[in-house]
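give me coordinates for this.
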Amino acid sequence: MSDCTGFLLEETPPRVPGILEGEIILDQNRYKPICQTFNESRSFMTLYDTTNRNPVFSASKYKGSQGGRPKKKQKNWKIEPQRYENQAGECDYRNNGQQLSRGHLLPSSYAHTQSDKKSTFTLTNAVPQGEQFNQGSWNRMEQCIKCVMDDYCINNNGQVEGFVVIGAQPGNNKLNNRVNIPSMLWSAFCCYSRTEQRWLASAHWGQNIPDGDGYLPTKTLEELHNELTTTGSIFEAFPGTQCPLHTTVTQFYPEYNICSFHYHICHCQYHIFSVYYICPCQYHICPSQYHFSSDDNVISYYQS
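Numbers count the residues shown, from 1 in each chain. Modelled structure (predicted):
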């Protein structure tokens, strides 16, 4: 792990029960760290399970995102040459009949440059993920947390800087009798916010099943830790750091449902009095002079 620096908060990996404890990989024949590299540039890191042919987690430093998703011809899925015999292949996903897609752990939207985005399209950063889950609640969660990091993860140097760790829990079934189908996916982020003058963190997880148009509840790091801790072995996303265990970033969500600072849809769930906030701005012209109030279960907007 020490050979791939710059992607973990304080260069400290998560504690994963039975796999990675005290910064030591317990079975080094099975679990392999990969410093994901594209065009001779390192972009993020992955701990890969060569038995399940799945990443355990991928981690990266979020520095903002330049440009959109790579064009179709530029985002061909790649393989890791050194792990070819022990990783999933295109043939495993093609016409699988189970409505499973190649689900990114680290999404391309979290990558900084176009080259970094292309680097996320590697099968060592993908798991068999239900198509509806991938395109539905999981995608909305990714967009929401990206908005929060863009606006609030600004360090003391005025730069966007956040840390993300995203993983998958093995399930009991296999794709093409080779690739483990995860039972659930989890995600956590942490950063220092200059504007808030404190550390921020939140976590999400969801079962790898069709979920329609739902949202993943925003949880604390402690709740994620409790969910993934096993008997006699503790899970920690950001061990030994200042990341808060008992708070989330849901207090920022109303801003995104009324008017996104960047004029795009952030998909952060928030409701009060059983009514969801809806942005009143037209044609994506959404200046900060709009405010909201609530009375008798009715949301109203006014200009200052």
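
low-confidence stretches in this structure?
Under the criterion of pLDDT under 70, the regions of the chain flagged as low confidence span 67-68, 70-75, 82-84, 212-213, 257-265, 270-304.

same thing but at 90, please
Along the chain, the parts satisfying pLDDT under 90 run over 1-3, 22, 37-41, 65-99, 113-115, 210-215, 232, 252-304.

so what are the domain limits for it?
9-259, 270-304 (automatic domain parsing).

dump these to JSON lines, plus mean neighbour count.
Every residue, glycine included, has its C-beta placed from N, CA and C. Putting the domains of the chain into JSON lines (neighbours: other C-beta atoms under 10 Å) gives the following:
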{"stretch": "domain 9-259", "mean neighbour count": "18"}
{"stretch": "domain 270-304", "mean neighbour count": "11"}
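
need those domains in JSON lines (columns: distance to D3).
Formatted as JSON lines, these follow (distance: least, C-beta to C-beta, whole Å):
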{"stretch": "domain 9-259", "distance to D3": "6"}
{"stretch": "domain 270-304", "distance to D3": "42"}
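
can you map out the strands along the stretch 101-250 of the chain?
Counting by DSSP state E, counting those that start in this stretch, the segments of the stretch 101-250 of the chain that form strands are 126-130, 162-169, 173-175, 179-181, 184-193, 198-207.

quick one: closest of those strands to F44.
Nearest to F44 among these is strand 162-169 (8.9 Å), distances taken as C-beta to C-beta.

and the closest one, what other elements does it pack with?
In terms of contacts (3 or more C-beta pairs under 8 Å, 6 or more residues apart in numbering; DSSP states H and E), strand 162-169 is packed against strand 54-62, strand 184-193.

mind checking how far it is from the chain centre?
6 Å (C-alpha atoms, centre = their mean, to the nearest Å).

I'd like to know which elements the longest helix belonging to the chain is packed against.
As assigned by DSSP state H, the longest helix anywhere in the chain is helix 137-152. Counting contacts by 3+ C-beta pairs under 8 Å, 6+ apart, helix 137-152 packs against strand 184-193, strand 198-207, helix 253-258.

still on that earlier bit, adding distance to T5, write the strands of the stretch 101-250 of the chain out as a markdown table.
Formatted as a markdown table, the entries for the strands of the stretch 101-250 of the chain read as follows, by distance: least, C-beta to C-beta, whole Å:
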| stretch | distance to T5 |
| --- | --- |
| strand 126-130 | 24 |
| strand 162-169 | 13 |
| strand 173-175 | 33 |
| strand 179-181 | 29 |
| strand 184-193 | 17 |
| strand 198-207 | 21 |
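
among those strands, which is nearest Q66?
Ranking the strands of the stretch 101-250 of the chain by distance to Q66, with C-beta to C-beta as the measure, places strand 162-169 first at 15.5 Å.

direction included, what does that closest one pair against?
In the sheet containing strand 162-169, the strands it pairs with under DSSP bridges are strand 54-62 (antiparallel), strand 184-193 (antiparallel).

tabulate those strands (CSV), appending distance to L26.
Supplementary listing: the strands paired with strand 162-169 in CSV, determined by distance: least, C-beta to C-beta, whole Å:
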stretch, distance to L26
strand 54-62, 12
strand 184-193, 20
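
of those strands, which is nearest P17?
Distances from P17 to each of the strands paired with strand 162-169 were compared using C-beta to C-beta; the minimum, 11.0 Å, belongs to strand 54-62.

just confirm S43 is within a strand.
Yes: assignment of S43 by DSSP: H, G, I helix; E, B strand; the rest coil places it within a strand.

I'd guessed it sits against Y62; true?
No: contact criterion C-beta atoms under 8 Å: S43 and Y62 do not qualify, at 11.6 Å.

need the residues touching each of those two.
When contacts are counted by C-beta atoms under 8 Å, 6 or more residues apart in numbering, the set common to S43 and Y62 consists of H112.

which stretches of the protein form helices?
Under the criterion DSSP H, helices of the chain are mapped to 90-93, 114-119, 131-135, 137-152, 221-228, 253-258.

distance to N54 added to those, as CSV?
What follows is those, written out as CSV (distance: least, C-beta to C-beta, whole Å):
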stretch, distance to N54
helix 90-93, 11
helix 114-119, 18
helix 131-135, 15
helix 137-152, 16
helix 221-228, 16
helix 253-258, 31
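
closest one to F57 among those helices?
With C-beta to C-beta as the measure, helix 221-228 is the member of the helices of the chain nearest F57 (10.8 Å).

who wins for proximity to S2 among the domains of the chain?
Proximity to S2 (C-beta to C-beta) singles out domain 9-259 among the domains of the chain, at 7.5 Å.

now do that closest one: distance to the chain's middle.
On the basis of C-alpha atoms, centre = their mean, domain 9-259 sits 4 Å off its chain's mean C-alpha point.

what bridges to the closest residue to M149 other than its chain neighbours?
Of all residues not flanking M149 in the chain, G162 sits nearest, at 4.2 Å (C-beta to C-beta, 6 or more residues apart in numbering). Note on G162: beta-bridge partners by DSSP bridges are Y62.
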